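Engineer: Sequence and predicted model, in that order:
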Amino acid sequence: MVKAKHDVAVLEKCPTGIRGLDEITKGGLPRGRTTLICGGAGSGKTLFAMEFLMRGVRDYGEPGVFMSFEETPEDLAKNFVSLGFDLPDMMSRGLIATDHVKIERSEVEETGEYDLKGLFIRLGSAIDSIGAKRVVLDTIEALFSGLSNAAIIRAELRRLFHWLKERGVTAIVTGESGDKMLTRYGLEEYVADCVIFLDFRIEEQISTRRLRIVKYRGSSHGSDEYPFLIDESGVSILPITSLGLDYPVSTERISTGIPKLDAMLDGKGYYRGSTILVSGTAGTGKTSLSAAFADAACRRGERCLYFAFEESPSQIIRNMGSIGMNLARWVKKGLLKFHSARPSLYGLEMHLVTFHKVINEFNPQVFIVDPISNLSAAGKASEVKSILTRLIDYLKMKKISTFLTDLTHFGGSLEHTSEEISSLIDTWLLLRDIELNGERNRGIYILKSRGMAHSNQIQEFLLTNQGIDLVDIYTGLGEVLTGSARASQEAREKAAELARRHEADRRFREQECKRNVLEAKIAALRAEFDAESEELHLMAEGERKRQAVLAEDRLEMAHLRKEGTFSSPAKRSKKKRERKVR
């Protein structure tokens with residue numbers, strides 16, 4: 001016991017090492033006390049008890065004693081080797097002691113007082129031989145087979161539980177469930193400090209194992225029913241309560257694997273750790289989008305876990321190869337892991353346990369479920385919603401980017417999921433068939449994407465041997481066209497545009513020719529004008545000279561008149577010649 005304030009003893013816990021059990025018991029089973037595990041045949045009581053011992057040795061260095069009243073040590077070793085428990089090795093190393101107490105009901109005869117003194121001696125010797133800290137008694141009913149005196153049985157049971165407590169060992173006692181009580185005799189549950197009930201039920205031909213803590217003295221504990229899984233690695237228990245809305249968020253963006261889809265999502269893709277849903281009818285390309293996202297994650301060097309409920313891994317790898325994706329290389333590198341199973345294999349709670357188990361083992365950065373709608377085969381819509389809510393909360397807490405696909409049906413609303421989880425989705429992509437001119441084509445648009453600006457346009461979704469491509473849908477001339485109709489219309493418009501360009505080029509050439517002719521005419525007129533101007537200039541210059549000569553002649557004549565007769569004819573002739581010379 002651990003002392004708390006005011007010297008109040010706080011119950012010390014003994015961790016079991018069983019995945020999930022220590023969480024719901026707030027630390028493990030009560031140390032130094034007895035825990036009763038009860039349930040029907042096949043519910044997993046013996047396995048729980050043995051794993052408690054084995055993990056005590058492996059993880060906490062606490063030896064243990066397993067006393068069986070039904071199975072021999074050899075049978076136990078064979079039963080547990082498939083679960084990874086090497087019982088003979090532990091026994092040879094003195095870490096676990098086993099003892100088989102054979103009690104045949106036909107050999108038991110009530111002749112007097114019945115007590116368990118011999119059992120105490122035998123069990124005490126086994127405890128002392130290895131210094132055991134943990135003890136398992138499996139199953140308690142075998143001790144009292146053939147006895148009809150209920151008072152003696154109850155008294156001895158009480159003595160047994162008290163004796164185990166006095167020895168200071170942490171004990172597990174298993175018991176068969178009764179008709180109207182947890183156990184056959186109805187006393188163990190009152191004497192034990194902790195009671196755990198295991199249930200193995202079948203509903204609609206689907207089996208589910210569940211665990212419930214009936215009581216736990218001195219400690220708070222989870223009070224719900226918890227599904228648990230028994231597989232090759234032992235027991236896994238999953239708390240079913242939601243983790244709440246206090247999970248961290250990231251501002252980092254990651255690619256969708258399709259550049260044009262990234263462009264539609266604000267040019268950057270999804271938020272890391274967000275939840276993406278792709279819904280659409282059969283054949284619209286949901287798995288192809290899933291594979292593109294997985295391929296992009298592996299290209300970044302991230303691990304991707306892919307849960308497939310419709311196709312086998314080899315079939316998915318083959319099919320995606322037809323659109324240019326080589327997923328096999330990522331599987332070989334250990335970056336991509338497929339987990340394929342039919343949803344009807346087991347119940348919804350077991351699916352949730354499996355999700356948690358594989359996620360914890362692989363530790364992925366990207367998680368894909370294709371499709372979630374198939375889970376409806378394992379339960380009702382409300383149950384599927386509950387499972388997916390808890391799964392999404394868990395994945396958000398671990399900052400795992402989640403990609404879900406959902407199959408919708410013709411005639412139903414595309415903006416609705418049968419699982420009613422749209423409020424949990426951060427980015428919702430809708431794929432739809434577009435039927436036009438006797439042809440079906442794929443379209444994609446973003447219904448919502450929280451926290452980012454995104455396109456509101458419908459894009460044609462093409463699957464080619466070079467990968468996935470998005471093409472703008474033709475919306476001209478008041479009509480919407482896709483596929484061959486879009487291609488044909490685009491070809492006609494391209495031809496018309498080319499014709500218009502040719503006509504424009506022809507008219508431009510004509511205009512250029514006219515301009516050249518006009519410029520030539522202008523040049524000729526300009527040359528003619530220049531010639532006429534030059535001629536006029538020469539004429540003007542000649543006229544100027546003529547006028548100068550005339551002016552000079554007039555001056556000469558005037559001068560001659562002034563000289564009169566005083567000048568001789570010879571003199572006048574000489575002057576005239578001089579003027580001509582000048």
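Structural biologist: Structure's in. What do you need? Numbers count the residues shown, from 1 in each chain.
Engineer: in the sheet, who's paired with Tyr216?
Structural biologist: Under DSSP bridges, the beta-bridge partners of Tyr216 are Cys194.
Engineer: give the contact list for it.
Structural biologist: 25, 30, 193-195 (CB atoms under 8 Å, 6 or more residues apart in numbering). Just so you know, the C-beta spots here come from the backbone N, C-alpha and C atoms, and that holds for glycine as well.
Engineer: From Val10, how far out is it?
Structural biologist: Look at Tyr216 and Val10: by CB to CB, to the nearest Å, they are 14 Å apart.
Engineer: which element follows the strand or helix carrying Ile230 toward the C-terminus?
Structural biologist: Counting by DSSP states H and E, the element that carries Ile230 is strand 225-231. As assigned by DSSP H and E, the chain's next helix or strand after strand 225-231 is strand 234-237.
Engineer: name the helices or strands packed onto that next one?
Structural biologist: Strand 234-237 sits against helix 21-24, helix 45-60, strand 225-231, helix 348-362, with contacts defined as 3 or more CB pairs under 8 Å, 6 or more residues apart in numbering; DSSP states H and E.
Engineer: Let me know the angle separating the last one from strand 225-231.
Structural biologist: Think helix 348-362. Angle of helix 348-362 versus strand 225-231, following axes from the mean of the first three to the mean of the last three CA atoms, to 10 degrees, is 60 degrees.
Engineer: and helix 348-362, which residues are buried?
Structural biologist: Buried positions in helix 348-362, judged by neighbour count with 16 or more other CB atoms under 10 Å: 348-357, 359.
Engineer: right, and Gly40 touches Ile202 too?
Structural biologist: No. Counting by CB atoms under 8 Å, Gly40 sits too far from Ile202 to count as a contact (11.5 Å).
Engineer: if you count what's nearby, which of the two comes out ahead?
Structural biologist: Gly40 (14 against 9; other CB atoms under 10 Å).
Engineer: His454: neighbouring residues, count only.
Structural biologist: The number of residues packed near His454 is 18, by other CB under 10 Å.
Engineer: three-state assignment of it?
Structural biologist: coil (DSSP: H, G, I helix; E, B strand; the rest coil).
Engineer: Just to check, it is in contact with Ile446?
Structural biologist: Yes. Counting by CB under 8 Å, His454 does reach Ile446; the two are 4.9 Å apart.
Engineer: Now for the two: what residues contact both?
Structural biologist: Taking CB under 8 Å, 6+ apart as the criterion, His454 and Ile446 both touch 264-265.
Engineer: Could you look up the SS state of Phe80?
Structural biologist: Three-state assignment for Phe80 (three-state DSSP): helix.
Engineer: That one and Pro88, how far apart?
Structural biologist: Using CB to CB, Phe80 is found at 10 Å from Pro88.
Engineer: Give me the more crowded residue out of the two.
Structural biologist: Using other CB under 10 Å as the criterion, Phe80 and Pro88 rank with Phe80 on top: 18 against 15.
Engineer: That one contacts Met50, doesn't it?
Structural biologist: Yes. Phe80 is within contact range of Met50, at 5.7 Å (criterion: CB under 8 Å).
Engineer: where do the contact lists of the two overlap?
Structural biologist: Counting by CB under 8 Å, 6+ apart, the common neighbours of Phe80 and Met50 are Leu87.
Engineer: got any ranges where the chain has weak pLDDT?
Structural biologist: 1-9, 103-115, 144-150, 178-190, 204-206, 239-245, 410-419, 473-487, 489-490, 563-582 (pLDDT under 70).
Engineer: which residue is nearest the middle of it?
Structural biologist: Using CA atoms, centre = their mean, the residue of the chain that lies closest to the mean C-alpha position is Thr402, 2.0 Å off.
Engineer: Quick one: residues contacting that one.
Structural biologist: Applying CB under 8 Å, 6+ apart, the residues contacting Thr402 are 274-276, 366-369, 392, 395-396.
Engineer: Among these, which lie within helices?
Structural biologist: Those of the contacts of Thr402 mapping onto helices are 392, 395-396, per DSSP state H.
Engineer: which one among those gets closest to Glu532?
Structural biologist: Closest approach between the ones in helices among the contacts of Thr402 and Glu532, by CB to CB: Lys396, at 95.3 Å.
Engineer: correct me, but that closest one touches Tyr271?
Structural biologist: No. Applying CB under 8 Å as the test, Lys396 and Tyr271 come out as separate, 11.0 Å apart.
Engineer: Run through the bridge partners of Ile237.
Structural biologist: Counting by DSSP bridges, Ile237 forms beta bridges with Phe228.
Engineer: who's in contact with it?
Structural biologist: Counted by CB under 8 Å, 6+ apart, Ile237 has contacts 18-21, 23-24, 211, 226-228, 353.
Engineer: cutoff 6 Å now
Structural biologist: Taking CB atoms under 6 Å, 6 or more residues apart in numbering, we find Ile237 in contact with 20-21, 211, 226, 228.
Engineer: In TSV: these, plus neighbour count and distance to Asp246.
Structural biologist: What follows is the contacts of Ile237, written out as TSV (neighbours: other CB atoms under 10 Å; distance: CB to CB, whole Å):
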residue	neighbour count	distance to Asp246
Gly20	22	21
Leu21	25	24
Leu211	25	26
Tyr226	21	22
Phe228	24	26
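Engineer: want to throw the residues you listed into CSV with distance to Met557?
Structural biologist: Output for the contacts of Ile237, formatted as CSV (distance: CB to CB, whole Å):
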residue, distance to Met557
Gly20, 145
Leu21, 150
Leu211, 152
Tyr226, 147
Phe228, 149
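Engineer: Skipping adjacent residues, who's closest to Ile468 in space?
Structural biologist: Ile258 (5.1 Å; CB to CB, 6 or more residues apart in numbering).
Engineer: From Gly467, how far out is that neighbour?
Structural biologist: For Ile258, the distance to Gly467 equals 8 Å [CB to CB].
Engineer: now swap in Ile323 and tell me
Structural biologist: Separation of Ile323 from Gly467 (CB to CB): 6 Å.
Engineer: what do you get for Val173?
Structural biologist: In this view, Val173 and Gly467 are 62 Å apart by CB to CB.
Engineer: With neighbour numbers in mind, choose between these two.
Structural biologist: Between Val173 and Gly467, counted using other CB under 10 Å, the more crowded position is Val173 (26 against 17).
Engineer: That one: what secondary structure?
Structural biologist: Going by three-state DSSP, the secondary structure assigned to Val173 is strand.
Engineer: and of the contacts of Ile237, the nearest to Arg58?
Structural biologist: Taking CB to CB as the measure, Arg58 sits nearest to Leu21 out of these, at 15.4 Å.
Engineer: Spatially nearest residue to the closest one, not counting backbone neighbours?
Structural biologist: Nearest one to Leu21, counting by CB to CB, 6+ apart, is Ile237 at 5.2 Å.
Engineer: chain center to stretch 357-370: distance?
Structural biologist: Relative to its chain's centre, stretch 357-370 lies at 8 Å (CA atoms, centre = their mean, to the nearest Å).
Engineer: Not counting its own residues, what contacts that stretch?
Structural biologist: 236, 287, 290, 297, 302-308, 337, 339, 395, 400-405.
Engineer: follow-up on the earlier one: I'd like to know how far the residue nearest to the centre of the chain sits from Leu429.
Structural biologist: Plainly put, Thr402 is 13 Å away from Leu429 if you go by CB to CB.
Engineer: ok, back up a step: any chance of a PyMOL selection covering the buried ones in the contacts of Thr402?
Structural biologist: Here is the PyMOL selection string for the buried members of those, based on 16+ other CB under 10 Å:
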select buried, resi 274+275+276+366+367+368+369+392+395+396
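Engineer: Serialize the contacts of Thr402 to TSV and add fields for distance to Lys117.
Structural biologist: As requested, the contacts of Thr402 are arranged in TSV below (distance: CB to CB, whole Å):
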residue	distance to Lys117
Ser274	65
Thr275	62
Ile276	66
Val366	62
Phe367	57
Ile368	61
Val369	58
Ile392	57
Leu395	56
Lys396	58
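Engineer: All set now, cheers.
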